[in-house]
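Asks: Here is a sequence together with a model predicted from it:
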Amino acid sequence: MPQEPKLWIVISRPDRLPNALVAADALSDRFPGGIHLLREESKWWENANWQEFVRDFAEVHAFPKVRTCRGLKDLPRLYRENVDRQRGVGALPIDPENDVLLCLAGLLGLGNAALSAHPDVFKILSASQKAFGELTRHGDRARFRFTTSGWLQNRLVEPLAGVERTIHYKPRINPGGDGVRLRRLQKDPDEIFDVIIFMSNSGGELPARAEHQIIPSRFPSIAELRSFSAQFNREHATASPSDGGQGRPASAELRRGEHCRVIFFGTPFLLVKNLEPAVYIEHLNRCLDYIRQNYPGRILIYRPHPFEKGEASKLKLEAFRVEDDREVADLYFLRHFAGIEAVYSVSSTVSRTALNNGLNSYALWRCFPFSETQTKFFRKVMGDVPSEFEISDLMNPPIAYQDRLSMVAGQNSFSNALKRAVDLRNVATPL
């Protein structure tokens, strides 16, 4: 008797959990056998309040993260951990005839273990435009060389453990440069995966040489979850972690359907120092005044960066509530989505994350006297964003530009891309 099809979703850190929930929500009717979540254990999971979000998964399977090694003395431990994880993933009851494996993150770790242990299952990779470029980047051996641990992994451990081999290169010149290392699978993604979902801001981008199995898509959005966020906020309106779980009706505004939270995500400017702290503080206080003026009567929230060391005490945070619970921004958005009116930061990628999730999000870096080099860097980090996203004049009010309903209904939504990917499996499977 054939088994009902199951979906197996692989993620690494808890910041990908909202994406997994969107996938589960979009494909629940396609997999009556249940949807399973595979996660890679780490300190990020230990520090996150995530358990309440995974109750709809059939099961959550946790596997230890394999640490790299630095030399031959540590090689037995590296081999043992790889083999143990491989055996654990291989023991999962994945049916290659009916099931689907969806890799949302952790491709060089747990994702590699899963696709290697179950090579015959239909495999889908979800990768951003940037991540796909890194996974297909080829390093010139005249300019790059293996890292010590990368050489041991590629030449010894991975062939013995039976996983797809990885490449960990560093440059022969300027080995300490930021962002210059090359980390990818030895094979190109299209040699391993049956379908690749290629994510970009517009949802219409494709790689220069796109194969037929590549599907363009927007980034996953919490807005695609069918009423999840509103229901969750109603259920937990009286015991939010941000109010200390004191049971006070902090979300009474949500019951009236109003969007009332305006959140500013801080920056560790005493650590980064891309401007003198006094200059940074002066301009940031003007930005905080801007938020106060444009959102009267709202709940104003300042969320410090995890690396901040007292920055908040140096700012004028009148009317702001400081929330220092260190919750991952993605899970915070998931928890309070229905009640968030706007998200701000100076130059943090959290503003991009909020944008991709359908929130009215803004970056304020153009209001600071950054150098030309820094300006180019921020433009590159933010990428192709709506003009309203980057605020450059504090005399003009912010413009609400997001339409959450259109994000859900659009043909290039992540949910629709997932359904198309699964449809390709049905087409490829002989009757």
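Replies: All right, it came through fine.
Asks: For the rest of this, base every contact and every neighbour count on C-alpha atoms.
Replies: OK.
Asks: Touching the strand or helix carrying residue 199 from outside, list them.
Replies: When elements are assigned from DSSP states H and E, residue 199 belongs to strand 195-200. When contacts are taken as Cα atoms under 8 Å, 6 or more residues apart in numbering, the neighbours of strand 195-200 outside the stretch itself are 123-129, 132, 189-190, 205-206, 213-219, 417-418, 421, 424.
Asks: Return the distance of it from the chain's centre.
Replies: Average the C-alpha atoms of strand 195-200, do the same for its chain, and the two points are 14 Å apart (Cα atoms, centre = their mean, to the nearest Å).
Asks: Sheet partners, orientation included, of the helix or strand following it?
Replies: Read in the C-terminal direction, the helix or strand following strand 195-200 is strand 214-218, with elements assigned using DSSP H and E. Within its sheet, and counting by DSSP bridges, strand 214-218 is paired with strand 195-200 (parallel).
Asks: Now the strand it pairs with: average pLDDT?
Replies: pLDDT averaged over strand 195-200 equals 94, rounded to a whole number.
Asks: Pull that strand out as CSV, backbone CA atoms only.
Replies: Output for strand 195-200, consisting of C-alpha atoms alone and laid out as CSV, is shown next (Å, rounded to 0.1, in the frame of the first residue of the first chain):
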residue,chain,number,x,y,z
VAL,A,195,13.9,22.5,-9.0
ILE,A,196,15.5,25.8,-7.9
ILE,A,197,13.4,28.7,-6.6
PHE,A,198,15.3,31.8,-7.4
MET,A,199,14.3,34.6,-5.0
SER,A,200,14.6,38.3,-5.6
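Asks: Without its sequence neighbours, what residue ends up closest to residue 118?
Replies: Closest residue to residue 118 in three dimensions, ignoring its sequence neighbours and counting by Cα to Cα, 6 or more residues apart in numbering: residue 90, at 6.8 Å.
Asks: Kindly report the same for residue 307.
Replies: Distances taken as Cα to Cα, 6+ apart put residue 268 closest to residue 307, at 5.8 Å, once the chain neighbours are dropped.
Asks: Next one: that neighbour from residue 308, what distance?
Replies: Separation of residue 268 from residue 308 (Cα to Cα, to the nearest Å): 5 Å.
Asks: still on that earlier bit, only whichever of the contacts of strand 195-200 are buried, select them in PyMOL.
Replies: With 16 or more other Cα atoms under 10 Å as the burial test, the buried ones among these are selected in PyMOL as follows:
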select buried, resi 123+124+125+126+127+128+129+132+189+190+206+214+215+216+217+218+219+417+418+421
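Asks: Low-confidence ranges, the stretch 101-250 of the chain, go.
Replies: Per-residue confidence of the stretch 101-250 of the chain (counting by pLDDT under 70) places the weak regions at 174-179, 210-211, 227-250.
Asks: Tell me how many other residues surround residue 91.
Replies: As a burial measure, the neighbour count of residue 91 was computed by other Cα atoms under 10 Å and equals 11.
Asks: Now do it, the pLDDT please.
Replies: Reported pLDDT for residue 91: 97.
Asks: got the contact list for the closest residue to residue 266 other than its chain neighbours?
Replies: For residue 266, the nearest residue in space outside its immediate sequence neighbours is residue 304; the separation is 4.7 Å by Cα to Cα, 6+ apart. The neighbourhood of residue 304, defined by Cα under 8 Å, 6+ apart, consists of 265-267, 312, 322-324, 326.
Asks: Touching, residue 96 and residue 123? I think so.
Replies: No: between residue 96 and residue 123 no contact is recorded; they are 9.8 Å apart, counting by Cα atoms under 8 Å.
Asks: What helix or strand is residue 264 located in?
Replies: Residue 264 is located in strand 261-265, with elements delineated by DSSP H and E.
Asks: residues in contact with the helix or strand following that strand?
Replies: Helices and strands here follow DSSP H and E; after strand 261-265, the next one along the chain is helix 269-272. With Cα under 8 Å, 6+ apart as the test, helix 269-272 has contacts from 275, 277, 280, 307-309, 311.
Asks: Just the buried positions in helix 269-272, please.
Replies: Along helix 269-272, the positions that meet the burial threshold by neighbour count (16+ other Cα under 10 Å) are 269-270.
Asks: Grab the CA positions of that helix and hand them over as PDB.
Replies: Output of helix 269-272 as PDB, limited to C-alpha atoms (Å, rounded to 0.1, in the frame of the first residue of the first chain):
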ATOM      1  CA  PHE A 269      27.600  52.500  16.600                       C
ATOM      2  CA  LEU A 270      30.100  52.500  19.500                       C
ATOM      3  CA  LEU A 271      31.600  49.300  18.000                       C
ATOM      4  CA  VAL A 272      31.200  50.000  14.300                       C
END
